[in-house]
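*Asks:* quick one, structure for this:
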Amino acid sequence: MVLYILIIFFIISPFFPATGNPHWFFRTADFVRIQSLLIQLILLGIFLYFEENYTVFSWILLIALVASILYQIYKVFPYSSLFPRRRSHAVSDGQVSILAGNVLQTNSCFPDFLNEIKRFDPDLVLAMESNKDWENCLSEIEETYPYTVKIPLENFYGMHVYSKIELLNVEVKYQIEDDKPSIFFDFPIEGAPPIFFCCLHPAPPSPTENETSKERDAELMLTGKRIRKLDKPTVVCGDMNDVVWSRTTRLFKKMTGMIDPRVGRGFFSTYNAKYFFLRFPLDHLFHTRDLYVEKMVRSKNFGSDHFAMYYEIHHKKQVSTPRNPKLNGDDKEEIENLIEKGEG
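*Replies:* Next up, the predicted model:
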């Protein structure tokens, strides 16, 4: 009986996010798809081993479990290393590299993160959850990274950007919540158009943060609307507190036409760095189609609950920024509804 109850729960729970309910209880199933898929496979094995007298109920349970497993595989498979990867054959006429990491405000392993910066030697460093203590620590790199944007906060949503060259059109915005900033800027590249960067860190839906995903979803949609108004190479980067197969992230990619370089390379699960069996791909980078990512590496553990991500982003020579994808009426309505709910 216990086995049947577990199977029924794991048949149904993967479909919770499809209800559209923004409450964290319903959205959690998106985060744990890889873990719940493994549990489903174990339950399938146990069921096949112990079930002897197959009844109509047994067959329905078996077929439903297999269908739920296939649904989960369909969701996550494109982000595995087994999925065919599209490799860019474009010629680069300029590049920028970035190391982006949620450093964890209470983490005091400052030298470990500094070592990662030295190891990758990126053009840009993006630190999230950075407070005044982290700002003091990162002052050590300012000789190499003299151009900075500093927002030290003690609410786990501080953000700092360090650059080797001067940033253009820097803008700090609190798009949805008054205490959760986003940073926007143009990064100039010699021989190529400047790349517009959107650095985000919205709050997750959870019992200890926002009860629903409304604020997070709205911030992503507002950023997408801003990108649609631009005609320039664009990168969106940060701790999105969402997984790439969620409805919201897929809608964001649909409205912007942006590419996730993770497809065909692997999950690159960045959270939780402390527990290998509870890791989710929460830190993302998306880019317009006039760019490509040559190199993508997850950092070593530096004491945070997140790993950092290093990316080498190239501009495609003689390739202009593509036109915005067309959206149907339902998509437009959903986008506006998500923004309205988040702002309300």
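
*Asks:* Pro111 belongs to a helix?
*Replies:* Yes. Counting by DSSP: H, G, I helix; E, B strand; the rest coil, one finds Pro111 located in a helix.

*Asks:* next, count neighbours for it.
*Replies:* Residues contacting Pro111 under the criterion other CB atoms under 10 Å number 12. C-beta here means a position set from N, CA and C on the backbone, and glycine is covered the same way.

*Asks:* now it: how far from Gly101?
*Replies:* 14 Å (CB to CB, to the nearest Å).

*Asks:* the protein: strands as residue ranges?
*Replies:* Counting by DSSP state E, the chain has these strands, from start to end: 92-102, 124-128, 147-151, 159-163, 168-173, 182-189, 192-200, 234-239, 283-287, 291-298, 309-316.

*Asks:* out of the ones you listed, deepest packed?
*Replies:* Comparing these on average neighbours per residue, with mean count of other CB atoms under 10 Å, the densest one is strand 124-128 at a mean of 26.

*Asks:* okay, angle between that one and strand 234-239 too, please.
*Replies:* In this structure, strand 124-128 runs at an angle of 40 degrees to strand 234-239, with axes from the mean of the first three to the mean of the last three CA atoms, to 10 degrees as the basis.

*Asks:* how far does strand 124-128 sit from its chain's centre?
*Replies:* Here strand 124-128 shows a centroid-to-chain-centroid distance of 15 Å under the convention CA atoms, centre = their mean, to the nearest Å.

*Asks:* tell me which other helices or strands that strand touches.
*Replies:* With contacts defined as 3 or more CB pairs under 8 Å, 6 or more residues apart in numbering; DSSP states H and E, the packing partners of strand 124-128 are strand 92-102, helix 132-138, strand 159-163, strand 234-239.

*Asks:* so Val125 bridges to which residues?
*Replies:* Per DSSP bridges, residues listed as beta-bridge partners of Val125: Leu99, Tyr162.

*Asks:* Ser97 is in contact with that one, correct?
*Replies:* No. When contacts are counted by CB atoms under 8 Å, Val125 is not listed as touching Ser97 (9.9 Å).

*Asks:* okay, and the common contacts of these two?
*Replies:* Shared contacts of Val125 and Ser97 (CB atoms under 8 Å, 6 or more residues apart in numbering): none.

*Asks:* residue most distant from the centroid, this protein?
*Replies:* Relative to the C-alpha centroid of the chain, counting by CA atoms, centre = their mean, Asn53 is the outermost residue, at 45.6 Å.

*Asks:* so where is this structure shaky, pLDDT-wise?
*Replies:* Across the chain, the ranges flagged by pLDDT under 70 are 344.

*Asks:* do that again at 80, thanks
*Replies:* Within the chain, the set of residues satisfying pLDDT under 80 comprises 1, 85-89, 207-210, 344.

*Asks:* which residue ranges of it form helices?
*Replies:* Secondary structure of the chain by DSSP state H: the helices cover 2-12, 24-31, 33-50, 56-76, 110-120, 132-138, 214-228, 247-256, 329-343.

*Asks:* dump the second one to CSV, restricted to CA.
*Replies:* The C-alpha trace of helix 24-31 is given here as CSV (Å, rounded to 0.1, in the frame of the first residue of the first chain):
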residue,chain,number,x,y,z
TRP,A,24,6.2,27.5,-3.9
PHE,A,25,4.6,24.1,-3.2
PHE,A,26,3.6,23.8,-6.8
ARG,A,27,6.8,25.2,-8.3
THR,A,28,9.1,23.0,-6.3
ALA,A,29,8.4,20.1,-8.6
ASP,A,30,10.2,22.0,-11.4
PHE,A,31,13.3,22.3,-9.3
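
*Asks:* could you list every helix and strand in contact with it?
*Replies:* Taking 3+ CB pairs under 8 Å, 6+ apart as the contact cut, helix 24-31 packs with no helix or strand.

*Asks:* got the buried residues for it?
*Replies:* Trp24, Phe26, Arg27, Thr28, Ala29, Asp30, Phe31 (16 or more other CB atoms under 10 Å).

*Asks:* wait, the fifth one sits on Pro14?
*Replies:* What it means is Ala29. Yes. At 5.6 Å, Ala29 and Pro14 qualify as touching, with contact defined as CB under 8 Å.

*Asks:* mutual contacts of the two, please.
*Replies:* Taking CB under 8 Å, 6+ apart as the contact criterion, the common neighbours of Ala29 and Pro14 are Ser36.

*Asks:* and for Asn241, the neighbour number?
*Replies:* By other CB under 10 Å, 25 other residues sit near Asn241.

*Asks:* ok, the nearest residue to Arg228 once chain neighbours are set aside to Lys225 distance?
*Replies:* What sits nearest to Arg228 in space, not counting adjacent residues and going by CB to CB, 6 or more residues apart in numbering, is Asn324, at 4.9 Å. Asn324 sits 10 Å away from Lys225, taking CB to CB as the criterion.

*Asks:* got any residues that touch both of the two?
*Replies:* Here Asn324 and Lys225 share the contacting residues Met255, scored by CB under 8 Å, 6+ apart.

*Asks:* tell me the centre residue of the chain?
*Replies:* His284 (3.2 Å).

*Asks:* ok, and the closest non-adjacent residue to Leu114?
*Replies:* Among residues not flanking Leu114 along the chain, Glu140 sits closest, at 6.3 Å (CB to CB, 6+ apart).

*Asks:* isn't that neighbour right up against Asn115?
*Replies:* No. Under the criterion of CB under 8 Å, Glu140 is not in contact with Asn115, lying 11.3 Å apart.
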